[in-house]
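Visitor: I need the structure of the sequence given here:
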Amino acid sequence: MAKKGPAVRRRGPGKEQVLSSPIPAPRPTAQAFIGVGSNLGDRLLFCREAVQRLDATPSVRIIHLSSLYESDPVDYLPQGRFYNAVVEIETSLSPRDLLAACQEIERHLGKRVEIPKGPRTIDLDLLCYRPSDPLDLSHHGVLEEPGLTLPHPALPDRLFVLLPLAEIAPQWTHPRLHLSAVALLDRLKTPSGVERIAGPGWEKIPRASNGS
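Guide: Numbers count the residues shown, from 1 in each chain. Alright, predicted model coming up:
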């Protein structure tokens, strides 16, 4: 039941009316993980700016930020190496609204993909989303909608995602596979191609990389 707000007195013909306006109940927060990546231009600058813009987004609060990793490209190989990280957030945004917020940040940072899976200034991938309210039976973190699949379908096969995810949330469990982030990482058994280049706090490094 909606809570009642402060009474508002309004004079009508011959009498005074007391009205009360309902206050919507606050939307429960949810846990979400977002992958950050860049391999075009100043990679550190783009990743750092994306994290800062994400933290400044209304209804979003950053809880943890992983170390910064450098990874070989996948799918489309003739391109530069990526900088990657994973952000854990709390949010009252719906999955669709959170995706839209990430895409707006990408537009601000000039993302243009001329080749599918090719170079880009920034990627903000919504990896997974879990309502914190145990009574929320809407999707349990599994979602299939046009343009939005949760968890991200490539998550179990991406070392550059699982390494930072397992770093900040080792016990996070994939709602379809029922495996933790650590178990998913162990299952890959491909430790090459990704290296940790900066620890937590890299987003505050007071310099820009040259992308080399």
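Visitor: hang on, F160 packs against S192?
Guide: No - at 11.6 Å, F160 does not count as touching S192 under the criterion of CB atoms under 8 Å. From N, CA and C alone the C-beta is placed, and that goes for glycine too.
Visitor: now the closest residue in space to L179 that isn't next to it in sequence: phi and psi?
Guide: The shortest distance from L179 to any non-neighbouring residue, by CB to CB, 6 or more residues apart in numbering, is to T173 (6.8 Å). Reported as degrees, to the nearest 10, the phi and psi values for T173 are phi -120, psi 130.
Visitor: got phi/psi on L126?
Guide: phi -70, psi 110.
Visitor: so that it lines up with my notes, have the first residue be 50 from now on.
Guide: In the new count, where the first residue is 50, that last one comes out as L175.
Visitor: so how far is I246 from W221?
Guide: W221 is 23 Å from I246, where distance means CB to CB, to the nearest Å.
Visitor: give me the neighbour count for the residue nearest to L228.
Guide: As a burial measure, T222 scores 16 neighbours (other CB atoms under 10 Å).
Visitor: who's in contact with it?
Guide: 228-230 (CB atoms under 8 Å, 6 or more residues apart in numbering).
Visitor: among those, which are located in helices?
Guide: A230 (DSSP state H).
Visitor: out of the contacts of T222, which is nearest to G84?
Guide: A230 (12.6 Å; CB to CB).
Visitor: I figured that closest one was touching P219, is that so?
Guide: Yes - applying CB under 8 Å, one finds A230 in contact with P219, separated by 5.6 Å.
Visitor: who has more neighbours out of those two?
Guide: For A230 versus P219, neighbours defined as other CB under 10 Å are more numerous around A230 (26 against 12).
Visitor: which stretches of this protein have low pLDDT?
Guide: 50-77, 182-188, 239-240, 255-261 (pLDDT under 70).
Visitor: which SS class is T170?
Guide: coil (DSSP: H, G, I helix; E, B strand; the rest coil).
Visitor: more neighbours, W221 and I246?
Guide: W221 (22 against 14).
Visitor: any idea how far the residue nearest to L228 is from A230?
Guide: Per CB to CB, T222 is found 8 Å from A230.
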